[in-house]
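Colleague: just a sequence and a predicted model for now, questions to come.
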2 protein chains.
Amino acid sequence: MSAAGPRRRDSAATKQALLEAARRRFAADGYAATYIRDIAQDAGVNVALIARYFGSKEGLFRDCLASSADDLERSVADNLTVDDLPELMTSHLTGLKKGEYPTRILMLLRSSGDERAEEIRLGTLRSFAERIAAMTGSSGDAAVLDAQFVLAATLGLTILRSSGMQPLAAAGEAEITPRLRRLITAMLG
Amino acid sequence: MSAAGPRRRDSAATKQALLEAARRRFAADGYAATYIRDIAQDAGVNVALIARYFGSKEGLFRDCLASSADDLERSVADNLTVDDLPELMTSHLTGLKKGEYPTRILMLLRSSGDERAEEIRLGTLRSFAERIAAMTGSSGDAAVLDAQFVLAATLGLTILRSSGMQPLAAAGEAEITPRLRRLITAMLG
DNA sequence: AACTGATGTAATCACTGGTTGACTTTCTCC
DNA sequence: GGAGAAAGTCAACCAGTGATTACATCAGTT
């Protein structure tokens, strides 16, 4: 991490750095308000590399979304029950570090207008709702609807927290998990 | 409203038309992805009038946000109880007409980066949370936190519906109100 | 009818941001 | 170590966007 000299050339690492910088920007500011020059600067590389590695700003956004969706899907083990949901959602919500945005979830709320990106986004949200519904043992539209209420609450909490609404933004797991448990029990119990 | 001939000159009506067109666009696409030329065209008016009446795109956005916030605040009567919340929120959520976005609520989720606009936005959200908390009779951070969970759910539901997530997007009051009642009772009951 | 201020229009400007192609530097392999 | 490929940089281009300006038209007044 020494600042002296140019960084060793490594396309995979550069691509990753761009992806992470982009995810932060897109998650925080949305697609249209994010400028690829800023992303490149965050990643410490030249703007033109975005075109080279991702084809276009759209392409970069799609890759961000896909990788975020993938991370999220992978974080949900197959044998989870309704009882595990509060902890799982709290952990995504509060994130690993203080002050860091829950970029993965926020990405699911950002739209670029691109059709393929929208497919990934809605597909992921839909898959989540269905997996939650499946945990209850029930099926059908009514069960998915219940699950969507839980999902909606999580998304809304993410937004409110990321815009700094107090006291929610400062709340820790101790405050959030039991409330999520109450909410989830009411909707899926 | 006849299409024949130039519209009668009426600055107040023009301003209102611009405001409504802008609210739709901003709510649907966000600030950065909305172009004032589109707004003007929707309103059937020349672009330059936006500068004349609102100073700038920022100014127009602020007025949209302020009027949306005002509409929402006014819709909450002072003597409401927790029991009235499900119906109130459902009505905002489903809106008056089918297919029409709940622009007022969505505006509260749109950010322009402008400081003054952000104050209105966060102030309105905060005021809502506090009014909901007050309905429970309790006070303090814990009560506001509970209220924010209800608010978050409403915002999340608005987003999911407006992005066409089925079956939620097609659900009517009969499906939504009872579920909101369950959720609200669990959080505030 | 002429004047005046309000309302609306069209052309233009200055600038931003995504994209492109040529160029330079670093790495890899023989 | 040198050739060729890969990685990265640079400068220019171009479409689009918000803002501005000068001009036209209408309604009410005297």
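Modeller: Perfect, I can see it now. Residues are numbered from 1 along each chain as shown, chains lettered A, B, ... in the order given.
Colleague: so how far is A:R23 from A:A66?
Modeller: Remark: distance between A:A66 and A:R23 (CB to CB, to the nearest Å) = 11 Å. Quick note: C-beta positions are derived from backbone N, CA and C, even for glycine.
Colleague: so these two - more neighbours on which side?
Modeller: A:R23 (25 against 16; other CB atoms under 10 Å in any protein chain shown).
Colleague: ok, that one touching A:D71?
Modeller: No - taking CB atoms under 8 Å as the definition, A:R23 is not a contact partner of A:D71, at 9.8 Å.
Colleague: what do these two both touch?
Modeller: A:R104 (CB atoms under 8 Å, 6 or more residues apart in numbering or on different chains).
Colleague: burial measure for A:A174, as a count.
Modeller: Using other CB under 10 Å, A:A174 is surrounded by 8 other residues.
Colleague: now A:L125
Modeller: 22.
Colleague: who's in contact with it?
Modeller: A:L108, A:L151, B:L160, B:S163, B:M165.
Colleague: go again using 10 Å as the cut-off
Modeller: A:A69, A:L72, A:L108, A:L109, A:Q148, A:L151, A:A152, A:L155, B:I159, B:L160, B:S163, B:M165 (CB atoms under 10 Å, 6 or more residues apart in numbering or on different chains).
Colleague: what are the ranges of the helices in chain A?
Modeller: Applying DSSP state H to chain A gives helices spanning A:11-29, A:36-43, A:48-54, A:57-75, A:85-94, A:103-107, A:115-135, A:141-162, A:173-188.
Colleague: next to DNA strand D in this structure, residues from chain A, please.
Modeller: A:6-7, A:9-11, A:13-14, A:45-49, A:52 (CB under 7 Å from any atom of the strand).
Colleague: least confident of the residues you listed?
Modeller: Within the residues of chain A next to DNA strand D, A:P6 has the lowest pLDDT, namely 65.
Colleague: just checking, A:A33 touches B:D29?
Modeller: No - using CB atoms under 10 Å, A:A33 is not in contact with B:D29, being 11.5 Å away.
Colleague: quick check: A:M89 vs DNA strand D, distance?
Modeller: 36 Å (CB to the nearest atom of the strand, to the nearest Å).
Colleague: for that residue, which non-adjacent residue is spatially closest?
Modeller: Once flanking residues are discounted, A:M89 sits nearest to A:T154: 5.1 Å by CB to CB, 6 or more residues apart in numbering or on different chains.
Colleague: residues in contact with that neighbour?
Modeller: Here A:T154 is in contact with A:85, A:88-90, A:92-93, A:102, A:105, A:128, A:132, A:180, A:183-184, B:152-153, B:156 (CB under 10 Å, 6+ apart).
Colleague: only whichever of those are buried, select them in PyMOL.
Modeller: Buried subset of these, written as a PyMOL selection, criterion 16 or more other CB atoms under 10 Å in any protein chain shown:
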select buried, (chain A and resi 85+88+89+90+92+93+102+105+128+132+180+183+184) or (chain B and resi 152+153+156)
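Colleague: pick the one among the contacts of A:T154 closest to B:A169.
Modeller: B:G156 (13.2 Å; CB to CB).
Colleague: just checking, the closest one touches A:L108?
Modeller: No - counting by CB under 10 Å, B:G156 sits too far from A:L108 to count as a contact (11.2 Å).
Colleague: what's the neighbour count on whichever residue of chain A sits closest to DNA strand C?
Modeller: Per CB to the nearest atom of the strand, A:S56 is where chain A lies closest to DNA strand C, at 3.1 Å. A:S56 has 12 neighbouring residues, counting by other CB under 10 Å.
Colleague: looks like A:H92 contacts A:P86 (just checking).
Modeller: No - counting by CB under 10 Å, A:H92 stays clear of A:P86, with 11.2 Å between them.
Colleague: quick one on the thing from earlier: next, format the helices of chain A as CSV and append distance to B:G137.
Modeller: Shown next, in CSV, are these (distance: least, CB to CB, whole Å):
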stretch, distance to B:G137
helix A:11-29, 38
helix A:36-43, 48
helix A:48-54, 54
helix A:57-75, 38
helix A:85-94, 26
helix A:103-107, 33
helix A:115-135, 33
helix A:141-162, 23
helix A:173-188, 18
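Colleague: so, low pLDDT: which residues of chain A?
Modeller: Applying pLDDT under 70 to chain A flags the ranges A:1-6, A:96-99.
Colleague: repeat that for 90
Modeller: Within chain A, the stretches with pLDDT under 90 are A:1-10, A:75-79, A:94-101, A:138-139, A:189.
Colleague: quick one, what contacts A:C64?
Modeller: Taking CB under 10 Å, 6+ apart as the test, what A:C64 contacts is A:18-27, A:31, A:39, A:54, A:103-104, A:107, A:110, A:112, A:117.
Colleague: go with 7 Å
Modeller: A:L19, A:A22, A:R23, A:F26, A:M107 (CB atoms under 7 Å, 6 or more residues apart in numbering or on different chains).
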